[in-house]
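Undergrad: Here is my input; please provide its structure:
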Amino acid sequence: NDAAASKVLTFCSDPENEQFKGEQDGYAYELWNQNGAGDACMTISEGALFSGHWNDIDNYLARRGLVFDETQLHQEIGRFSTSYNCIYEPTTESGNSYLSVYGWTVEPLIEFYVVEDWRRWIPSMAEGSVLKDSFEIDGSIYDIYESTRVNQPSIIGNTTFQQYFSIRRDVRNSGSIDISAHFDKWESLDMELGKMNEVAFVVEGYKSNGRFEFTELEVKVE
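TA: Coordinates of the predicted model:
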């Protein structure tokens, strides 16, 4: 129908426009493609649904989710969860990719991931990443890592900050995630979270090619 069609928006990056961001249907979206290299697009449609593709890029990121005003801790906002189904088709000859819940807090500045599926490399493999613990939830064991980013891009510009990762051993591209269970587990390990900026679903690609399409996506707070 025309109403649904009018809600479908596609953004493609080029060297003049490496980033697009906004909000539709109550869900924020962002496409970021470093230096606008290659062929990189994102399409947003009704609800939280989104899709995209990347080819010959340096670093591609497409995400959709909830943004907050950085005044409340996650416990003050509520319990976070998501249910999703994603056709996730990265090519794996080179580079890497991951499918993940993603977000930021401030005070402290933290970048966090709950990685559901990945190809070839994930940031937990970076030198200096520390395995903190493992725990079982939502049908798998997640391994928890922490690492430090020194003078790297963030939501407040280039600075130094911590990254937290929960990485699923039995990778998948559909299911339900109790996001707050990861927050609680991290905090039990003295991995402090600050005031919420964003909780989203992200697809990232680095020097790789691929496509994805969410056929189901809800990011909920109860």
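Undergrad: Centre of the chain to whichever helix or strand residue 218 is part of, how far?
TA: Residue 218 is part of strand 210-221, with elements assigned from DSSP states H and E. Centre-to-centre, strand 210-221 and its host chain are 11 Å apart (Cα atoms, centre = their mean, to the nearest Å).
Undergrad: Walk me through which strands that strand pairs with, and which way each runs.
TA: strand 50-55 (antiparallel), strand 80-90 (antiparallel) (DSSP bridges).
Undergrad: outside of that strand, which residues touch it?
TA: 27, 47-54, 62, 64-66, 77-91, 97, 99, 174, 199-201, 203 (Cβ atoms under 8 Å, 6 or more residues apart in numbering). All C-beta spots, glycine's among them, are computed from the backbone N, C-alpha and C.
Undergrad: Pull out the buried residues from those.
TA: 27, 47-54, 62, 64-66, 77, 80-82, 84, 86, 88, 90, 97, 99, 199-201, 203 (16 or more other Cβ atoms under 10 Å).
Undergrad: Distance to residue 211 and mean pLDDT for the strands paired with strand 210-221 - can I get that in CSV?
TA: Output for the strands paired with strand 210-221, formatted as CSV (distance: least, Cβ to Cβ, whole Å; pLDDT from 0 to 100):
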stretch, distance to residue 211, mean pLDDT
strand 50-55, 4, 98
strand 80-90, 5, 97
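Undergrad: can I get those strands in JSON lines with distance to residue 161?
TA: Below are the strands paired with strand 210-221 laid out as JSON lines (distance: least, Cβ to Cβ, whole Å):
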{"stretch": "strand 50-55", "distance to residue 161": "25"}
{"stretch": "strand 80-90", "distance to residue 161": "21"}
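Undergrad: of all those, which lies closest to residue 143?
TA: Of all those, it is strand 80-90 that lies closest to residue 143, at 19.6 Å by Cβ to Cβ.
Undergrad: Past the closest one, which element shows up next along the chain?
TA: Downstream of strand 80-90, the first helix or strand assigned by DSSP H and E is strand 96-106.
Undergrad: Partner strands of that next one, with direction?
TA: Looking at strand 96-106 with DSSP bridges, its partner strands are strand 110-119 (antiparallel), strand 195-206 (antiparallel).
Undergrad: longest helix of the chain?
TA: helix 179-188 (DSSP state H).
Undergrad: Which elements pack onto it?
TA: strand 80-90, strand 110-119, strand 130-137, strand 140-152, strand 159-168 (3 or more Cβ pairs under 8 Å, 6 or more residues apart in numbering; DSSP states H and E).
Undergrad: Kindly recompute the last result at 7 Å.
TA: The contact analysis (3 or more Cβ pairs under 7 Å, 6 or more residues apart in numbering; DSSP states H and E) places helix 179-188 against strand 80-90.
Undergrad: Give me the average confidence score over stretch 125-133.
TA: The average pLDDT for stretch 125-133 rounds to 91.
Undergrad: contacting residues around stretch 158-165?
TA: Residues outside stretch 158-165 that contact it (Cβ atoms under 7 Å, 6 or more residues apart in numbering): 108-113, 115, 123-124, 144-152, 154, 186, 191.
Undergrad: returning to that earlier point: go through the strands paired with strand 96-106 and name the closest to residue 58.
TA: Across the strands paired with strand 96-106, residue 58 has its closest neighbour in strand 195-206 (7.5 Å, Cβ to Cβ).
Undergrad: just how off-centre is the closest one within its chain?
TA: Counting by Cα atoms, centre = their mean, strand 195-206 is centred 3 Å from the centre of its parent chain.
Undergrad: Repeat that for stretch 139-148.
TA: On Cα atoms, centre = their mean, the centre of stretch 139-148 falls 15 Å from that of its chain.
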